[in-house]
Each structure stands twice: as structure tokens, then as C-alpha cells.
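In: Mind looking at a prediction? Sequence and model below.
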Amino acid sequence: YQRRVHGGVGAMQAFFSKHKCNRICHHLNLRPVDPSALPDAIPHSEKEEGSEEAVREEWVWIDDEGHAVPFHPEMQLALQEALDKGLGRVLVRVGDVTSHVINLRRMQMLGVHDCTVKSIVKQSVAAAAEPPPNYLLQLLLDDGVWHTYDHAFQLQITDALRSGKPGVTLVMKDQNYKIRFEELTQTNVSTGRSRRVRFVTANQ
């Protein structure tokens, strides 16, 4: 993991030197980390072959299963611009409504309406990165059961994700449904009603 995090061990030390445990840490039973206990560097012999290949940096948020989910390109630019200007936070808006607040000092994304807290990370990835893991999207129904979208819809969702789009519109029973990946919502375009969605790995 430390090879992929932007800034390597130094960035990890800086993060843990300022990090204060929150309800997510307690829920996951995570132990406090002493930054001084982290190694100073990765021994040269442990570096992977071909590590000199071109890399790019991207912002990601961590979902409930611990997977890194990239922000869409426009948000990537907004986060980098805010960081360069020394701004402490970025607002994520859906229309005129603020859906999330991203705290760049705590490296967290707060859901304004559901009070969820997600960690964010800036990481380096190989320019010719492998395709993302085989994710499936699920919809939360009124009875509390998570429904997996049909295969044809999963293909549309995967194509949108790999293209860096912020969402995708699906047509089901003559109704248009807009899915937003960052907000993890499905909204009926006609009625405005929204439901929660989530990503899971194919073997879950």
C-alpha cells in the first residue's frame, strides 16, 4: 500500500501526525499509529521491477469495503486547485444543493445529508494501470434489500466509470434514472426521487 500512496512513507507520517481517531476508526477497531514507528524508506531491493515507469496522480475516496474509488476528472482538478491555493475544503454541489464537504486538512469527505464520513487519499498510479476490480452496483430497495443491477446495466456503469464520468443515465421501464457515483445515488429524473446505491466486488 505504501508504494501507491502519494508521497510514500513521508505522506503517511504527515497524515498520522495530524490524524485524530474518529467514529470510523473506533468502529473498525483500528489501533493508533505512531508516525515515528514507520520505516524511513523502502529498501531499493524491495522496489518492484519497472517502478521507473511513468505515473500519474489521482484523488480517490475509500468506500465501506476499503476500495479506492477515483473522483471524476472535474473533481480531480477542483481538489488539486484547492490544494495548490492552500484552501482547507471543497464543496460538492448537486445543482444548488451541497451534498458533500471535502476537508483537505483531515483528508475526509463528509456527507451533508447522511453524515457519512469517507477517507480520501491522493495516490500515484501507473499511467498504464490495470483495469479496476470487477465491481457491481447495487440499489437499496424499500424493503431494505440490496438489488444487483442487470448485466446490461452493469456494462454501461463500468464504461462510464472507466471513462471518468461522474455518473450515468439508465433507462428502465421507460423511465430515466441518473446514477451519480460520488453521491452514490440513483435519481428518477421525472419524479426526483432518490435511492441509495453501493459498489460491491463481484464475489460478494
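Out: Perfect, thanks for sending it. Residues are numbered from 1 along each chain as shown.

In: what are the phi and psi angles of the closest residue to L139 other than its chain neighbours?
Out: Spatial nearest neighbour of L139, chain neighbours left out: H147 (4.9 Å); criterion: Cβ to Cβ, 6 or more residues apart in numbering. Yep, even glycine has a C-beta here, placed from its N, CA and C like the rest. H147 adopts backbone torsions of phi -100, psi 130, taken as degrees, to the nearest 10.

In: And the pLDDT for H147?
Out: Model confidence at H147, expressed as pLDDT, equals 92.

In: Assess the claim that it and F153 are in contact.
Out: No: H147 is not in contact with F153 according to Cβ atoms under 8 Å; the separation is 11.0 Å.

In: Settle it for me: which of those two has more neighbours?
Out: F153 (18 against 13; other Cβ atoms under 10 Å).

In: Please identify the helix or strand for that one.
Out: Using DSSP states H and E, the element containing F153 is helix 151-162.

In: ranges for the strands of this structure?
Out: 55-62, 68-70, 89-94, 97-103, 108-111, 117-126, 135-140, 146-148, 167-172, 175-180, 185-188, 194-201 (DSSP state E).

In: what are the bridge partners for L136, then?
Out: Beta-bridge pairing of L136 under DSSP bridges involves V200.

In: Make sure it is actually in contact with D150.
Out: No: the pair L136 / D150 is not scored as a contact, 10.5 Å apart, by Cβ under 8 Å.

In: who's more crowded, the two?
Out: Higher neighbour count among L136 and D150: L136, with 17 against 10, using other Cβ under 10 Å.

In: buried ones in stretch 148-161?
Out: For stretch 148-161, a neighbour-count test (16 or more other Cβ atoms under 10 Å) marks Y149, F153, Q154, Q156, I157, T158, A160, L161 as buried.

In: swap in stretch 112-120?
Out: Applying 16+ other Cβ under 10 Å to stretch 112-120 flags K118, S119, I120 as buried.

In: Could you do stretch 193-204 as well?
Out: So for stretch 193-204, counting by 16+ other Cβ under 10 Å, buried means S194, R195, V197, F199, V200.

In: Pull the residues that contact it.
Out: Contacting residues not belonging to stretch 193-204 are listed as 63-65, 67, 69, 133-141, 146, 179, 184-188 [Cβ atoms under 8 Å, 6 or more residues apart in numbering].

In: residues near E57, how many?
Out: Residues lying near E57 (other Cβ under 10 Å) number 12.
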